[in-house]
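S.K.: Turn this into a structure:
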Amino acid sequence: MERRSAETALIPALQVLSYLFIALGALFMAFKAGSLPASRWEPMSAGTFPQIIFFSIAILCGMAVIFELSKHGLPRTTFCIAWRRLTALKAVIINLVLFTVYMIAMPIAGFIISTFVYLLTTQLYLAPRKATTVVLAIFVAILFSAGPYYLFSEAFNIYLPRAQW
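M.R.: All right, here's what the predicted structure looks like:
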């Protein structure tokens, strides 16, 4: 195995961490899909197909972790280099945290409110803070939170989560 610097050793480490994160998310979603209601007349429940997909994703990510570790070995890097690279991904990490909070808040706050807050906060975080961008961010958040809700409820008769209060 070739000798690599601490900077180049970080790339396979981040790949392994991303595979593990995706695998854990897929396993979580597979177990959540298993709680979907079953039909009396169908041999499989509504969650069977999503469970197959999510378990397949988890297995593929597990295989990718094994392949990366066998190919590159355990990553060796310094904390300073890892921290510098992690802070370079600050916008991605903040958006991931905001999306996670959004998904947790949706069953409680409902689709419209949680989507509006998520879209507004992510746009205000990413966009330059000018009066026009704030007005545009509010308009886009209203449009893409209320629009899909009414489209799904009126056109498709599919009701997205409503607020629990």
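S.K.: From now on I want contacts and neighbour counts done on CA atoms only, so please keep to that.
M.R.: OK.
S.K.: pretty sure I57 contacts L24?
M.R.: No - here I57 lies out of contact with L24, judged by Cα atoms under 8 Å, at a distance of 9.8 Å.
S.K.: neighbour count winner among these two?
M.R.: More crowded of I57 and L24, by other Cα atoms under 10 Å: I57, with 20 against 17.
S.K.: buried stuff in stretch 130-143?
M.R.: Neighbour-count burial for stretch 130-143, with 16 or more other Cα atoms under 10 Å as criterion, is recorded at 134, 137-138, 141-142.
S.K.: any idea how far Q15 lies from M63?
M.R.: 13 Å (Cα to Cα, to the nearest Å).
S.K.: Could you do I112 as well?
M.R.: 38 Å.
S.K.: So for these two, which sits in the more crowded spot?
M.R.: For I112 versus M63, the count of surrounding residues by other Cα under 10 Å is larger for I112: 23 against 13.
S.K.: so L24 touches A58, yeah?
M.R.: Yes - the criterion here is Cα under 8 Å, and L24 meets it with A58 at 7.1 Å.
S.K.: Which SSE is immediately downstream of the worst-scoring helix or strand of the chain on mean pLDDT?
M.R.: Within the chain, confidence by mean pLDDT, DSSP states H and E is lowest for helix 79-88 among all helices and strands, at a mean of 77. Later in the chain than helix 79-88, the nearest helix or strand by DSSP states H and E is helix 90-109.
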